[in-house]
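Participant: Sequence isn't available, so here's the structure alone:
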């Protein structure tokens, strides 16, 4: 059974930084592309960023470029999302996702975590 467990969410102020972590189990982690998606209240889920199985390639949503960095540690089965200069509009539930290939479409990811809430106060 695949499990993706996110941690690191919380309440921060605009301009702050936050690092989310996702611990994966039940899959061959180093064979999967990993990513992050988010869903704000009243909005659809959207892609935040993704990283290839090797860590060599990363994709980011235009709205987050320059403010987020994705990294992974295959020895620890963990993927990270570093977010800087957070804005109020970044408030959302953030989900860790896993899929066979790196893609900007959230629908291409087979496995999803339960999500972690990030709230940015203005």
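Facilitator: Happy to help now that I have it. A quick note: this is a predicted structure, and the numbers were derived from the prediction, not measured. Numbering: from 1, shown residues only.

Participant: C-alpha from now on. contacts and neighbour counts both.
Facilitator: Will do.

Participant: element containing residue 27, please.
Facilitator: Using DSSP states H and E, residue 27 sits within no helix or strand.

Participant: distance of it from residue 66?
Facilitator: For residue 27, the distance to residue 66 (C-alpha to C-alpha, to the nearest Å) stands at 30 Å.

Participant: so what's residue 92 bridging to?
Facilitator: In this entry, residue 92 is beta-bridged to residue 118, by DSSP bridges.

Participant: quick one: it and residue 38 touch, right?
Facilitator: Yes. Contact status for residue 92 versus residue 38: in contact at 5.9 Å, counting by C-alpha atoms under 8 Å.

Participant: how much space between residue 102 and residue 119?
Facilitator: Using C-alpha to C-alpha, one gets 27 Å for the distance from residue 102 to residue 119.

Participant: As a check, name the ranges of all strands in the chain.
Facilitator: In the chain, the segments counted as strands under DSSP state E are 3-7, 10-13, 18-25, 33-39, 46-51, 58-60, 68-73, 78-83, 92-99, 111-112, 116-121.

Participant: Name the residues that touch the second one?
Facilitator: Taking contacts as C-alpha atoms under 8 Å, 6 or more residues apart in numbering, the residues outside strand 10-13 that touch it are 18, 86, 116-122.

Participant: Tell me how many other residues crowd the nearest residue to residue 121 once chain neighbours are set aside.
Facilitator: Distance criterion C-alpha to C-alpha, 6 or more residues apart in numbering; nearest residue to residue 121, sequence neighbours excluded, is residue 13 at 4.8 Å. Applying other C-alpha atoms under 10 Å, we find 14 residues neighbouring residue 13.
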